[in-house]
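> Sequence first, predicted coordinates after that:
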Amino acid sequence: MNKRFLLLVILLPFMREKLNAQTSGKSKALKQARPSVQERIINVDFKNTAGTLNTFFKECVGAGRANEGLRADWQQQLAYVRKECGFKYIRMHGLLTDDMAVYKEDSKGNPQYNYMYIDPLFDFLHSIGMKPFVELGFMPSALASGSQTIFWWRGNVTPPKDYDKWAALIKNLTEHFTERYGAEEVKTWYFEVWNEPNLSPGFWTGTQQDYFKLYKYTAGAVKIVNPEYRVGGPGTAGAAWEPEMIGFCHKNNVPIDFISTHAYGVKQGFLDEYGQGGTVLDKNPMSLSGDVLQSRKEIAASTMPDLELHYTEWSASYTPSDPIHDSYHEAAYVLQKLKQVGNAANSMSYWVFTDVFEEPGPRFEPFHGGFGMLNTQGINKPVFYSYQFLNRLGNIELANRDSSSWICKDSSGNIQALVWDFTNTHPGDSVHNQKYYAQDLPSGSKGKLKINIAQVPDGLYALEIFKVGYRSNDAYSTYLSMGKPAQLTRQQVEQIKRQNDGSPVYKEIITVKNGIPFSKELELRENDVYFLNLIKL
């Protein structure tokens, strides 16, 4: 035998052992360097409840202006949103603006009132089970002290030329509502005086004291018809004037039943009338929701600590041309902010339910970053599904430490879990929303989501899982994949609706027995929203 070959045979086992040790060490080092899969675990107990679910999120929703509510497509979309999302009230601008033909004066200066446009609008709301959150504005031109207007439809934003005539109009209108709908019904409404008077001269050419004067005359006119009717304000932008409003009413014995104000989640400005400004989504994790919590603190510390708090406008962005409104990011954003608000507000009115909205004039593009939960053709945007899921939650909330979910049950023993990830992926001040959210934005992985529910009663259950996220009930991504056509054909509208119709992404029949907890593991990506419906059969 060759000596070299013999030596190789003798050494081979030792060489193999050394090589294996080196390979094992490298594998172990690689394994340690590679990050472990992220896992988010939610543990709840079917029998451990947190009480009745607070449904402040569906108390009210916004719309552009009253005259748009006379359109057939607007009414069809509102009936659909009411049915699917459960909103009780609706608030809109322009109830008293000239296109509603409410007020004029004869040759001698005597007031003449007309409600032939308001009546069919409010009758329609009544027919679908909704109530008006009555915003009293803007100024009829025949009663206005000036000519300054806002928006394409020219809402007059000047104080009245005669406060007594203004009060007489409000009194007559309130009497008309009482005669038509009954005092018991109108007692359930809200009357809000004006809109964002702190944005001067945009929405109000007067001073803060001028607004307080307007409020005093208005509240007095409503209350003289029925002292149980609810009136409030100041309806400001950016949670402004709240302590001052309460202080004025307390000092002057002026009635007030609620505080109203607005907040948006972008960093710059409060008024972008024609949608031409650039916006940046705020990186502060408590942006917007922090305003709501602060408002509640200010009321609690005031001389009227029991006042209701209504955020009568809110959304990620204040401009009618911000593509975040169309993006799947909006769905998770809205849920995150509502969860953070907790019990601080009596209502949070999402601005708005439809892109049939003409502040900057009629829009030409099917997806233009409009405020709506639906676009002009009635296509569901991702945020629509967030509100639909919220409306499907049972009335009993389960105790839950997870900060980005609601898990509930109903009286039939069904269980609902609404779980989301909100990740602010915006790159920062260097890029406007108008550029960033208009892109195709694939979502990154957030690892595994595991939901465990203990002490679920034994039995047979149907499990349905719904999802919103990147390219899942994400109409805007479908639109992008079509090449962003300037106009959509009927067939394209139907295709987008069909591909984003909210159908379950998963169904299964499961058996729960022997006290084994229900458990489900899901893949979670940035800004995913999941709704799990466990129906007892």
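Happy to help now that I have it. Residues are numbered from 1 along each chain as shown.

> Might you report the residue contacts of Ile324?
Applying CB atoms under 8 Å, 6 or more residues apart in numbering, we find Ile324 in contact with 281, 316-317, 330, 333, 369, 433, 437. C-betas here are computed from N, CA, C, even on glycine.

> What is the burial count for the closest residue to Thr52 other than its chain neighbours?
Sequence neighbours aside, Asn395 is the residue nearest to Thr52 in space, at 6.1 Å (criterion: CB to CB, 6 or more residues apart in numbering). By other CB atoms under 10 Å, the residues close to Asn395 number 12.

> Run through the helices of the stretch 301-450 of the chain in chain order.
Using DSSP state H, counting those that start in this stretch, the helices of the stretch 301-450 of the chain run over 329-341, 382-392, 433-436.

> same deal with the stretch 1-150 of the chain?
3-33, 72-85, 118-127.

> Show me what counts as buried in the second one.
Across helix 72-85, burial judged by 16 or more other CB atoms under 10 Å covers 74-75, 77-78, 80-82, 84-85.

> quick one: low-confidence parts of the stretch 251-400 of the chain?
For the stretch 251-400 of the chain, the stretches with pLDDT under 70 are 268-270.

> same deal with the stretch 401-537 of the chain?
For the stretch 401-537 of the chain, no range has pLDDT under 70.

> for it, what spans make up the strands?
405-409, 415-420, 445-454, 459-468, 506-512, 518-525, 529-536 (DSSP state E, counting those that start in this stretch).

> So what's the gap between the first one and the chain middle?
Centroid separation for strand 405-409 versus its chain: 19 Å, with CA atoms, centre = their mean, to the nearest Å.

> Report the inter-axis angle for that strand versus strand 529-536.
10 degrees (axes from the mean of the first three to the mean of the last three CA atoms, to 10 degrees).

> Now strand 405-409 - C-alpha only, PDB.
Provided in PDB are the C-alpha atoms of strand 405-409 (Å, rounded to 0.1, in the frame of the first residue of the first chain):
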ATOM      1  CA  SER A 405     -57.200  45.000  18.800                       C
ATOM      2  CA  TRP A 406     -60.700  44.600  20.000                       C
ATOM      3  CA  ILE A 407     -62.000  41.200  20.800                       C
ATOM      4  CA  CYS A 408     -65.700  40.900  21.600                       C
ATOM      5  CA  LYS A 409     -68.600  38.500  21.900                       C
END
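
> Which strands border it, and is each parallel or antiparallel?
strand 396-398 (antiparallel), strand 415-420 (antiparallel) (DSSP bridges).

> Can you point out the buried residues in it?
Going by 16+ other CB under 10 Å, strand 405-409 has these buried residues: 405-409.

> Can you tell me which of those is closest to Ala240?
Trp406 (30.9 Å; CB to CB).

> I'd say the closest one and Leu53 touch.
Yes: contact criterion CB atoms under 8 Å: Trp406 and Leu53 qualify, at 7.3 Å.

> Look up the residues that both of these two are in contact with.
In contact with both Trp406 and Leu53: 393, 397, using CB under 8 Å, 6+ apart.

> Now do the contacts for the spatially most central residue of the chain.
Centroid-nearest residue in the chain: Tyr350, 3.8 Å away (criterion: CA atoms, centre = their mean). By CB under 8 Å, 6+ apart, the residues touching Tyr350 are 61-62, 314-315, 334, 373, 383, 387.

> of these, closest to Lys448?
Taking the contacts of Tyr350 together and measuring to Lys448 by CB to CB, the closest member is Val334, at 24.3 Å.

> Quick check: closest non-adjacent residue to that closest one.
Looking at Val334 with CB to CB, 6+ apart, the closest residue is Ser386, at 5.1 Å.

> cool, and Ile415?
Here the residue nearest Ile415, using CB to CB, 6+ apart, is Leu534, at 4.1 Å.

> cool, Leu96 as well?
In space, Leu96 is closest to Val102, 5.1 Å off (CB to CB, 6+ apart).

> And for Asp119?
Asp119 sits nearest to Arg180 (CB to CB, 6+ apart), 6.9 Å away.

> Am I right that that neighbour sits in a strand?
No: with DSSP: H, G, I helix; E, B strand; the rest coil as the criterion, Arg180 is helix rather than part of a strand.

> Start the count at 11 instead of 1 going forward.
Taking 11 as the first residue, the last one we looked at is Arg190.

> How about the contacts made by Thr188?
Contact analysis of Thr188 by CB under 8 Å, 6+ apart lists 196, 235-236.

> among those, which ones are buried?
By 16+ other CB under 10 Å, the contacts of Thr188 give 196, 235 as buried.

> of all the contacts of Thr188, which comes closest to Glu533?
Using CB to CB, the contacts of Thr188 come closest to Glu533 at Val196, 50.6 Å.

> quick one, what contacts the nearest residue to Gln497 once chain neighbours are set aside?
With sequence-adjacent residues excluded and distances taken as CB to CB, 6+ apart, Gln497 is closest to Pro376, at 7.1 Å. The contact partners of Pro376, by CB under 8 Å, 6+ apart, come to 385-387, 389, 489, 495, 497-498.

> Kindly list the main-chain dihedrals of Pro376?
Here is the backbone geometry of Pro376 (degrees, to the nearest 10): phi -70, psi -30.

> what are the ranges of the strands in the stretch 161-310 of the chain?
165-166, 200-203, 240-246, 268-274.

> Mind giving me the packing neighbours of the third one?
Helices and strands in packing contact with strand 240-246 are listed as strand 200-203, helix 218-235, helix 252-262, strand 268-274, strand 318-325; criterion 3 or more CB pairs under 8 Å, 6 or more residues apart in numbering; DSSP states H and E.

> Cool, thanks, talk later.
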